[in-house]
Structure formats: structure tokens, C-alpha cells
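Asks: following is a predicted model, sequence given first.
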Amino acid sequence: MSVLVRTVPVALEGRAYEVLIGSGLIDGAGSRLVPLFKRSLAAVVMDETVAGLHGARLRASLQGAGLTVHEIIIPPGEAAKSFAGLEHVCSALLDLGLERSDLVIAFGGGVVGDLTGFAAAILKRGMDFIQIPTTLLAQVDSSVGGKTAIDVRQGKNLIGAFHQPRLVLADLNILATLPARERVCGYAEVIKYGLLGDAAFFDWLEAHGAEVLAGAPEALMHAVARSVEMKARIVAEDEREAGARALLNLGHTFGHAVEALTGFGDAIKHGEAVGLGCALAFRFSRALGLCPGQDAERAVCALAAAGLPTRLDDLSGGPFGADALISAMRQDKKAEGGALTFILARAIGEAFVAKGVDPGDLHDFLVTEGAAP
């Protein structure tokens, strides 16, 4: 793979940082990170899977740069993003005697990044942290932008904080160890960027998506870099989701509801839920007369071609009840005054925030999509 490293700035006043995208960044992490440390103590949070696959490489790099490494290992899977998981990470970090000026490293996928970032946000009223994302989904989405959170029984990511990292290292080489299902999950977030705001990028993905999923170096670099560029620009404009940043939630209102009803387990992973949610958002937009049918069909076909679910009956555990889905959607963070808010589309690359969506229209649509009345 090419040794080229792309640098994408996240231009937040007073909290600006860089996302480095390239190969070999894990092995060179120590030399890049050591200037950020005021003491030689490095706390690294990772799950059991990442620890087994990549922990030794990161440890060797950090130790080679003179850092003393302490590893905090958590179980893999979404269930770790809980109050119990948060307590475990916070307690382990406190046991190390960390000071507010120390740094915490999140080394893993979105679960590790979200959980570690939230722990850093609240520990001693705020510590800095570094993101080293190990999944495609985390590299293009959750590691950038400072959203940190845990899940609760009422819904996904409902307890959290905005807390920006100091640096993000996205090593493309590490994606070679991802299972095929995890690659597809990450691709859902990649294609989301084209669907919400870059029709030309969507066109490129229609032609080159298979190369991205296969890990072709140039295609993967372009897909990750363009996704991060789009997210960085939107985050810089709207850090706390008061306006344009809500567009990044295309597919998430539908997707989070399905995740909640399936218990945040392996029945449907987050990326799969986002892919399904994007398909539903485009078909709902078409049903409301907002989006041309051919655009909705292109969006759905591109998602299906990647192996993502596009209909509710693609999932095990159904049929889902329309009322239960709508009830879960009411927990969505974009809801205002009890009214439902969705990210819908006028065309590919033209998503918008739709406030006050009629629950009756939504119910009828979900029933046509296979939900139980």
C-alpha cells in the first residue's frame, strides 16, 4: 500500500486538530504522539479483539518512543457502551493516577472511541484523548467530530458529551484484518456522505464501491479521505448539531430505532442499521413526494449492492411494529417539542432537515415497508 499520508484539518476555533490518513500509522504512532504527552504515561483503551490483533504493535511503537503503556481491555461489542462499561473505564483510568493534563488513547472501533471519549470528557472534568480508529466505520465517522456517548435502555447514544480529540490517526493498513461484515458496515457511512451532500462522490462510489470494499489502496484512500473531509467541514460549521451537522444523521433516526428494538446486539450492527435507515429515508422521501423515484431507486440499489439491508424484512427478529418503531424514534436527539425530525432528501446529494414529520404519514409508510400495523 502507498505510504502517502493525507492530512485533513478539523478547523474548530480553540480546539482544532488533524486527522491523519494513510498506511503504517500504527507502527509510527509513538514518534507522532510523544510530543503531545506532558508525562511519559500512556493509557490505552481497547477491546479484546483489537488487543489480540494489534495491541502488541501499538505498544511497541509507544514504548519505543519512551512512553510507559498501561492497557485497559474491555469486552468487544456494543454492550460495552453502558454505565457499567463507563464505570469500568473511569475506575481503571483513575487507578493509574492520571492527571488532568495526561492523555488517554482510544484504540478501536466506534464503541471504544465513544466510550473512551466520554470517559475522558467527564474524568476530572475533562481530559484530552487521541483517537486511533481500527474500523472503516470509525475512521470515516465516529472518530471525527467529538461525539461521545453510551447507550441506555431508552435508546442509543442518549448519555454523552461533545468532546473533541487532540489527534486522529486512521491507519488504512489495519482495515485488512476487518471481517467482511465490518467492512460493509463502514461502507454504509461512506455512501451516506454521497447521499447527503456530494452527488459526484456518490457517482464515484457507484463505479468504485467494490474496490473500496475489497481494500484497493487508492480507492480506500479516496473514500476515507473524502468522507473525513466532508465530516470535518460540517463539524467546523456546526460543532454541536444546531443546524447543518444534523445532516450527518441521514438514516440514523430509522436505524437507531431498529437497533433499540433488537437490543443493540449482533442482529443488526450500527452500520447495517444506517444503511437500512438511508434506504428507508430515501423511500420515505419518495412516498412524501419530495424525491424523484429514480434517485430513491439508485440509492437503494447502491446500498443493496454493497450487501447492506434495505428493507425491514431483510432483518431477523421481525416483524417490527410500526408503533414500537415510532415510539423508539421519539427518543431521537433531533426531536423538538415532541415532534419527529428526520433527515430526508430532495435528490441524491441533497439531504435536508425535515421537522414536524406527520406521525400518521410515518406509520402508513412503515406498514407499507413491512412493519406490523
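Replies: Nice, I can see it.
Asks: packing partners of the host helix or strand of Leu137?
Replies: Secondary structure assigned from DSSP states H and E places Leu137 in helix 136-137. Judged by 3 or more Cβ pairs under 8 Å, 6 or more residues apart in numbering; DSSP states H and E, helix 136-137 is in contact with helix 180-197. Just so you know, the C-beta spots here come from the backbone N, C-alpha and C atoms, and that holds for glycine as well.
Asks: residues in contact with the very next helix or strand once past the helix it packs on: which ones?
Replies: Toward the C-terminus, helix 180-197 is succeeded by helix 199-214 as the next helix or strand (DSSP H and E). Contact with helix 199-214 is made by 180, 183-184, 187, 190-191, 193-195, 219-220, 222-223, 226, 230, 298, 302, 305-306, 347-350, as judged by Cβ atoms under 8 Å, 6 or more residues apart in numbering.
Asks: now swap in stretch 297-313 and tell me
Replies: Residues outside stretch 297-313 that contact it (Cβ under 8 Å, 6+ apart) are 180, 184, 187-188, 191, 195, 202, 205-206, 209, 213, 258, 268, 271-272, 275-276, 278-280, 282-283, 315, 318-320, 345, 348, 366, 369-371.
Asks: could you pull out the strands for the stretch 151-300 of the chain?
Replies: For the stretch 151-300 of the chain, the strands defined by DSSP state E, counting those that start in this stretch occupy 155-162, 167-171.
Asks: how far away is the most centrally placed residue in the chain from Gly155?
Replies: Nearest to the geometric centre of the chain sits Ser142, at 3.4 Å (Cα atoms, centre = their mean). Distance, Ser142 to Gly155, by Cβ to Cβ, to the nearest Å: 17 Å.
Asks: still on that earlier bit, mean pLDDT for the strands of the stretch 151-300 of the chain: which is lowest?
Replies: With a mean of 93, strand 155-162 has the lowest mean pLDDT of the strands of the stretch 151-300 of the chain.
Asks: ok, it: who's next to it in the sheet?
Replies: strand 147-152 (antiparallel) (DSSP bridges).
Asks: Ala324 - how many residues pack around it?
Replies: Around Ala324 there are 15 other residues, counting by other Cβ atoms under 10 Å.
Asks: pLDDT score for it?
Replies: At Ala324, pLDDT is 94.
Asks: give the contact list for the closest residue to it other than its chain neighbours.
Replies: Once flanking residues are discounted, Ala324 sits nearest to Leu261: 6.0 Å by Cβ to Cβ, 6 or more residues apart in numbering. By Cβ under 8 Å, 6+ apart, the contact list for Leu261 reads Gly317, Phe320, Ala324, Leu325, Ala328.
Asks: with Tyr17 instead?
Replies: For Tyr17, the contact set (Cβ under 8 Å, 6+ apart) comprises Pro9, Val10, Gln164, Pro165, Arg166, Leu167, Val168.
Asks: would you turn those residues into TSV with distance to Gly146 and neighbour count?
Replies: Formatted as TSV, the contacts of Tyr17 follow (distance: Cβ to Cβ, whole Å; neighbours: other Cβ atoms under 10 Å):
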residue	distance to Gly146	neighbour count
Pro9	14	13
Val10	9	23
Gln164	4	23
Pro165	7	29
Arg166	11	16
Leu167	13	20
Val168	10	27
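Asks: what about those, which are in helices?
Replies: Judged by DSSP state H, helices contain none of the contacts of Tyr17.
Asks: tell me the secondary structure at Ala119.
Replies: Three-state call for Ala119 (DSSP: H, G, I helix; E, B strand; the rest coil): helix.
Asks: just the element for the residue nearest to it when sequence neighbours are not counted, please.
Replies: What sits nearest to Ala119 in space, not counting adjacent residues and going by Cβ to Cβ, 6+ apart, is Val89, at 4.5 Å. When elements are assigned from DSSP H and E, Val89 belongs to helix 83-95.
Asks: which stretches in this structure count as helices?
Replies: Under the criterion DSSP H, helices of the chain are mapped to 29-33, 48-64, 83-95, 110-122, 136-137, 180-197, 199-214, 217-237, 252-261, 270-287, 293-305, 322-329, 359-368.
Asks: coming back round to it: who are the neighbours in contact with the residue nearest to the centre of the chain?
Replies: So Ser142 contacts Gly109, Gly110, Gly113, Asp114, Pro133 (Cβ under 8 Å, 6+ apart).
Asks: what stretches of this protein score poorly on pLDDT?
Replies: Counting by pLDDT under 70, the low-confidence segments of the chain come to 1-3, 317-318.
Asks: so what's Val5 closest to, chain neighbours aside?
Replies: Take Val5 and drop its neighbours on the chain: the residue closest to it by Cβ to Cβ, 6+ apart is Gly22, 3.4 Å away.
Asks: what residues sit buried inside stretch 163-181?
Replies: By 16 or more other Cβ atoms under 10 Å, the buried positions in stretch 163-181 come out as 163-175, 178.
Asks: also stretch 191-202?
Replies: Neighbour counts over stretch 191-202 (16+ other Cβ under 10 Å) mark Ile191, Lys192, Tyr193, Gly194, Leu195, Leu196, Gly197, Asp198, Phe201, Phe202 as buried.
Asks: cool, and stretch 310-324?
Replies: Buried residues in stretch 310-324 (16+ other Cβ under 10 Å): Thr310, Leu312, Asp314, Leu315, Gly318, Phe320, Ala322.
Asks: that stretch: how far from the chain's middle?
Replies: For stretch 310-324, the distance from its own C-alpha centre to the chain's C-alpha centre is 23 Å (Cα atoms, centre = their mean, to the nearest Å).
Asks: what about it, start to end distance?
Replies: 19 Å (Cα to Cα, to the nearest Å).
Asks: on that earlier part again, drop anything exposed from the contacts of helix 199-214.
Replies: Neighbour counting with 16+ other Cβ under 10 Å marks 183-184, 187, 190-191, 193-195, 219-220, 222-223, 226, 230, 298, 302, 306, 347-350 as buried within those.
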